[in-house]
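**Q** sequence first, predicted coordinates after that:
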Amino acid sequence: MDNLPAVECTSNCKQESAQHPYYRLGFPVGCKIGAAAKSLTICTAQTIANMYSNELFLNNHIDFVISYHNSDEFEGSRIVGIEVTPRSIKHESIEAMDCKADAPPQPFHVDSSNPELQVIYSYSVVFKASDIKWASRWDTYLQSAEGTSIHWFSIVNSLIIVLFLSGMLGVIFVRTVHRDIARYNQAEASEEAQEEFGWKLVHGDVFRAPSGGMLLSVLIGCGTQILTMFIITLGFACLGFLSPATRGGLMTSMVGLWVTLGSVGGFVSARLYKTFGGEQWKTNVLLTSFLVPTFVFCIFFVLNLLLWHLQSSAAVPFGTLVALVALWFCISIPLTFLGAYCGFKKDPIESPVRTNQIPRQIPPQQCYTTLWAGVLMGGVLPFGCIFIQLFFILNSIWAHKIYYVFGFLFAVFLILVITTIESAMLLCYFHLCAEDYHWWWRSFLTGASSALYLFVYSVIFYFKRMEVEGATNFILYAGYTLIVTILFGLATGTLGFFGCFAFVRKIYAIVKVD
């Protein structure tokens, strides 16, 4: 009502000593005897104990309490809050409805031989004057949101991880790398020939084009497009342009930004592919335009077919799907081609050292320096920075909780960016010291590995926190979670790649090489 969500007040709202009442969006449809009774707020333990298995509670009566504020600045009143109280009342007929406020919950009896049930729905409305001004009407919802102290704990936890990583990188850069560069340059200045050691040994191979450079450039281009979309959307949310009342506005803005940022993805993909020495520019542009969007759209379309089959109101209409495809083909793809054209017109990024014609043999690696061991280790700390905020986001999406702390989310996002880049750089340095110069794909996968932990955590959240059953519900949840995981992995993988790219170019540009 008036862009305010209807909320149900929990038990602590009715306590006069409750300084921070807690609201939740919507209200339960009803409850039944058995396993579902534990989630009900309208059933008492004594009431449940006296029931039979064929009785259920159905919230067919809603009490609306609408708060309004009178202001001298304009004529009339403005709505500043809407609160609902659901009740189960077994009306005998429309003429004989009894909606007394003190009436106890009345169960409905269901006969197994005749499961059809005729229900009369009713409601009552009460208007209540309030001192809350219209400009501050959201404050009540936000102050009552649970977990404000936990958000601060999340920030502190993430900052500790960042300080730990930054300290390790400081030691490596100030002591180890600086000392290595000084020794390398001192060895070059001396007349005696000295054997090279450490990460300088692979200077002739470190900028060798990776295998699968076409696919890597496409993923980096799409990841840059998605990462830019995340940053702009989160910035607008922090500035207050995205209201929690319009939950679909966030998704609409993200889709609109993704469509208009096609030129960014095309430019980055084309420029990086040209740096790898690729010449199949048409294939590169087509893959950038279709690979990731097609994969995501296919998953979304299959899930939507399932919703259509179940005749669910959550299914996206066919006309909306056609509109999305039209935006993709008519705006995103042409902009991707335009960005790719500008990227191929640019000169390739020059390497600070010359690449040898014959690849250097990589010595046997320890178990902790292998590809997948390093990749899995690289995603632990970035995920540790976000898992608390991830809990609130999942609650907001699937449990209909209020989430409006975009300032906290922006701070955690910045910490995630720093942690992902530092983790990728740290592991990249260790692998270069082990004379393993295959860092291109490793840097991307190290940054993207936090998405794997995100998916596992989301599955655990489904079984531990969501009180739903059935294979269909899990398929829908896992499908949408997989889409989010893919987009998140592309964004964080791009961060890891560009962080390592800048780090490797910097250290090999400083050291003197014959």
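**A** Thanks, I have the structure now. Small disclaimer: the values here were computed from a predicted structure and weren't measured.
**Q** from Glu279, how far out is Cys330?
**A** The gap separating Cys330 from Glu279 is 29 Å, by CB to CB, to the nearest Å. The way it works is simple: take the backbone N, C-alpha and C, and place the C-beta from them, glycine included.
**Q** with Lys133 instead?
**A** Between Lys133 and Glu279 the distance, using CB to CB, works out to 64 Å.
**Q** got it, and Phe295?
**A** Distance from Phe295 to Glu279, counting by CB to CB: 26 Å.
**Q** with neighbour numbers in mind, choose between those two.
**A** Each of Phe295 and Glu279 has its neighbours counted (other CB atoms under 10 Å); Phe295 has more, 13 against 10.
**Q** I'd say Ile220 and Val268 touch.
**A** Yes - if you go by CB atoms under 8 Å, Ile220 and Val268 touch, sitting 6.2 Å apart.
**Q** name the residues contacting each of those two.
**A** When contacts are counted by CB atoms under 8 Å, 6 or more residues apart in numbering, Ile220 and Val268 have no shared neighbour.
**Q** can I see the domain layout of this structure?
**A** Per automatic domain parsing, the domain ranges recorded for the chain read 7-144, 148-510.
**Q** can I get those in TSV including distance to Met1?
**A** As requested, the domains of the chain are exported to TSV (distance: least, CB to CB, whole Å):
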stretch	distance to Met1
domain 7-144	5
domain 148-510	10
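**Q** and the ones you listed, which one is worst for confidence?
**A** Of all the domains of the chain, domain 7-144 carries the lowest average pLDDT, namely a mean of 72.
**Q** quick one: the helices in the stretch 251-400 of the chain?
**A** Assigned by DSSP state H, counting those that start in this stretch, the helices in the stretch 251-400 of the chain fall at 262-275, 281-309, 318-327, 333-345, 371-378, 380-398.
**Q** now the third one: how far from the chain's centre is it?
**A** Right, the one you point to is helix 318-327. 24 Å (CA atoms, centre = their mean, to the nearest Å).
**Q** make residue 1 into 42 and carry on from there
**A** All set: I'll call the first residue 42, so the last point we hit is now helix 359-368.
**Q** which positions within it qualify as buried?
**A** For helix 359-368, the neighbour count (16 or more other CB atoms under 10 Å) marks 365, 368 as buried.
**Q** now the fourth one
**A** Residues of helix 374-386 classed as buried under the neighbour-count rule (16+ other CB under 10 Å) are 374, 376-378, 380-381, 384-385.
**Q** for these, which one is nearest Tyr470?
**A** Nearest to Tyr470 among the buried residues of helix 374-386: Gly384, at 29.2 Å, using CB to CB.
**Q** contacts only, for the closest one.
**A** When contacts are counted by CB under 8 Å, 6+ apart, Gly384 touches 307-312, 315.
**Q** so how far is Phe370 from it?
**A** Gly384 is 21 Å from Phe370, by CB to CB.
**Q** got it, and Leu268?
**A** Noted for Leu268: a distance of 23 Å to Phe370, by CB to CB.
**Q** out of these two, which sits in the busier spot?
**A** Set Leu268 next to Phe370 and count neighbours by other CB under 10 Å: Leu268 wins out with 23 against 11.
**Q** without its sequence neighbours, what residue ends up closest to the more buried one?
**A** Ala532 (4.3 Å; CB to CB, 6 or more residues apart in numbering).
**Q** so Ile107: helix, strand or coil?
**A** strand (DSSP: H, G, I helix; E, B strand; the rest coil).
**Q** was I right about it contacting Ser165?
**A** No - between Ile107 and Ser165 there is no contact, the gap being 11.1 Å when judged by CB under 8 Å.
**Q** wasn't Leu257 part of a strand?
**A** No - counting by three-state DSSP, Leu257 is not part of a strand but helix.
**Q** just give me the neighbour total for it.
**A** Neighbourhood size, Leu257 [other CB under 10 Å]: 22.
**Q** thinking it is in contact with Phe485, fair?
**A** Yes - look at Leu257 against Phe485 with CB under 8 Å: they come within range, at 6.5 Å.
**Q** distance of Leu348 relative to Asn514?
**A** Relative to Asn514, Leu348 is positioned 11 Å away (CB to CB).
**Q** make that Pro375, sorry
**A** Between Pro375 and Asn514 the distance is 39 Å, computed by CB to CB.
**Q** number of nearby residues for Met138?
**A** Neighbour number of Met138 under other CB under 10 Å is 12.
**Q** what's the spatially closest residue to it that is not a sequence neighbour sitting at in phi/psi?
**A** Leaving aside its sequence neighbours, Met138 sits nearest to His132 (CB to CB, 6+ apart; 4.9 Å). Phi and psi for His132, reported as degrees, to the nearest 10, are phi -70, psi 130.
**Q** dump the residue contacts of His132.
**A** Applying CB under 8 Å, 6+ apart, we find His132 in contact with 101, 138-139, 161, 163.
**Q** how close does it sit to Ser163?
**A** The value you get for His132 to Ser163, if CB to CB is used, is 7 Å.
**Q** show me where this protein has strands.
**A** 48-50, 64-66, 71-73, 96-99, 102-111, 118-128, 149-150, 163-170 (DSSP state E).
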